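# Take a look and give me a structure for this.
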Amino acid sequence: MTTPDLTWLYAVVREVEDGTLAGLTGVAGEPLRVLTAPGLVLVVGSVPRGDFDEQALQRRLADLPWLESAVRAHHRVIAELARAGHTLPLRFATLYRDDRGAAAFLRGAGPRLRAALDRVADHAEWGVKVYLDAAAPDPADVGAPADRPGTAYLLRRRAQRDALARRFEEAAAGAREIHATLAARAGRAAEHPLQSAEASGRSDPMLLNGAYLVEQDRAAEFGAAVTELGRRFTGVRLELTGPWPPYSFADIQPEPAPETEPAPETAAAPETAADHVPAGRAEQGWPAKTPSAEGG
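Numbers count the residues shown, from 1 in each chain. Sure, this is the predicted structure:
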């Protein structure tokens, strides 16, 4: 007896033009298909239950090479859909036990999905990260009597610690002001958890991991504002990424459908450096809780 596949959700769109999904595959190399409701299309794929049930997924999420490849595959589908029209990305590892549950979500969430599509229309997500500039000059040495080298060393270390603490506080305050300034220029803004050096790929401490929903015709203006803020605030470095599909602003979480069985417990995953594909929750299936780089 063949074990039925699970349904992996990628994104919600208004429509899918002919040829958009041709040759495009998902996280398991599966072809993609659509489920429909009035004015909405849900793009999904079928993944093997034996590889993606709760226990198997838990093991796979600990396999960083697989996780990075799967996250990129999930993003590739969403990015292709976003090029073709307004798109609501669904979070990585949103799984239903079958198409029936996924279709129930699409029908039940219809008004919220349509409103969210209207909200992100003609907008794109931009990410701005702020890092402490470790290349800033160290505090000057503190002098001490030549016959007391131990005292000189202790004074020097204390001065360095105090100066570094002040630098960090000033940089953190600058990052908060940078976020407020950029948020005022965006339709919506979000702050994601700060990333570790392993996830960010940078040794400098991260002070801001911001996401901003920006009108497409104001993208150049937003980029210029980031450049100006980078000149204005010393002691920090700014990194601009995008444009991205609106991962941080979809605001859609699947809700339990009456015809689906209870969900297993939540699975957790290690940190991944892949950008802009946060993991999500599937109440009817089992979520993979992977942090995003923007989304952290």
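# could you dump stretch 4-22 to PDB, C-alpha only?
Output of stretch 4-22 as PDB, limited to C-alpha atoms (Å, rounded to 0.1, in the frame of the first residue of the first chain):
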ATOM      1  CA  PRO A   4       0.100   9.200   0.700                       C
ATOM      2  CA  ASP A   5       2.300  12.300   0.300                       C
ATOM      3  CA  LEU A   6       2.200  15.400   2.300                       C
ATOM      4  CA  THR A   7       1.300  18.800   0.900                       C
ATOM      5  CA  TRP A   8       4.000  21.500   1.100                       C
ATOM      6  CA  LEU A   9       2.700  25.100   0.700                       C
ATOM      7  CA  TYR A  10       4.800  27.800  -1.100                       C
ATOM      8  CA  ALA A  11       2.700  30.900  -1.700                       C
ATOM      9  CA  VAL A  12      -0.600  32.500  -2.400                       C
ATOM     10  CA  VAL A  13      -1.100  34.500  -5.600                       C
ATOM     11  CA  ARG A  14      -4.000  36.100  -7.500                       C
ATOM     12  CA  GLU A  15      -3.400  33.900 -10.500                       C
ATOM     13  CA  VAL A  16      -0.700  31.800 -12.100                       C
ATOM     14  CA  GLU A  17       0.000  32.500 -15.800                       C
ATOM     15  CA  ASP A  18       0.500  29.700 -18.200                       C
ATOM     16  CA  GLY A  19       4.100  28.500 -18.200                       C
ATOM     17  CA  THR A  20       5.100  30.100 -14.800                       C
ATOM     18  CA  LEU A  21       5.400  26.700 -13.100                       C
ATOM     19  CA  ALA A  22       6.800  24.800 -16.100                       C
END
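# Report the buried residues of that stretch.
Within stretch 4-22, the residues that count as buried by 16 or more other CB atoms under 10 Å are 5-14, 16, 20-21. The C-beta positions use only the backbone N, C-alpha and C, and glycine is treated the same way.
# Likewise for stretch 43-61?
43-47, 52-54, 57, 60-61.
# beta partners for V41?
Listed by DSSP bridges, the beta-bridge partners for V41 are V13, T36.
# Just give the number of residues close to it.
17 (other CB atoms under 10 Å).
# So the residue lying closest to V16 once chain neighbours are set aside versus V130, what's the distance?
Of all residues not flanking V16 in the chain, V41 sits nearest, at 5.3 Å (CB to CB, 6 or more residues apart in numbering). Look at V41 and V130: by CB to CB, to the nearest Å, they are 37 Å apart.
# Kindly report the same for L164.
Distance of L164 to V130, computed by CB to CB: 17 Å.
# List the buried residues in whichever strand or helix holds R114.
Using DSSP states H and E, R114 sits in helix 110-120. For helix 110-120, burial by neighbour count (16+ other CB under 10 Å) applies to 113-114, 116-117, 119-120.
# next structured bit after it?
Helix 110-120 is succeeded, C-terminally, by strand 123-132 (DSSP H and E).
# Output the contacting helices and strands for that following strand.
Packing partners of strand 123-132 (3 or more CB pairs under 8 Å, 6 or more residues apart in numbering; DSSP states H and E): helix 149-184, strand 206-215, helix 219-232, strand 236-244.
# redo that, cut-off 6 Å
On a contact count with 3 or more CB pairs under 6 Å, 6 or more residues apart in numbering; DSSP states H and E, strand 123-132 meets helix 149-184, strand 206-215, strand 236-244.
# winner for burial among those?
Among these, the stretch with the highest mean neighbour count (mean count of other CB atoms under 10 Å) is strand 206-215, at a mean of 22.
# returning to that earlier point: closest to R156 out of the buried residues of helix 110-120?
V120 (53.3 Å; CB to CB).
# now the closest residue in space to the closest one that isn't next to it in sequence: how far from V47?
Nearest non-adjacent residue to V120, counting by CB to CB, 6+ apart: P246, 4.3 Å away. Distance from P246 to V47, counting by CB to CB: 24 Å.
# just P38 next, same as before
Distance from P38 to V47, by CB to CB: 27 Å.
# Over to L6?
Counting by CB to CB - L6 and V47 are separated by 5 Å.
# what about the helices in the stretch 1-150 of the chain?
49-52, 54-61, 64-84, 99-108, 110-120, 149-184 (DSSP state H, counting those that start in this stretch).
# Adding mean pLDDT, write those helices out as TSV.
Output for the helices of the stretch 1-150 of the chain, formatted as TSV (pLDDT from 0 to 100):
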stretch	mean pLDDT
helix 49-52	92
helix 54-61	91
helix 64-84	94
helix 99-108	94
helix 110-120	92
helix 149-184	81
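# how about those helices, which one is nearest F92?
Closest among these, using CB to CB: helix 64-84, at 5.0 Å.
# how much distance is there from that closest one to the middle of the chain?
Mean-position distance between helix 64-84 and its chain equals 12 Å (CA atoms, centre = their mean, to the nearest Å).
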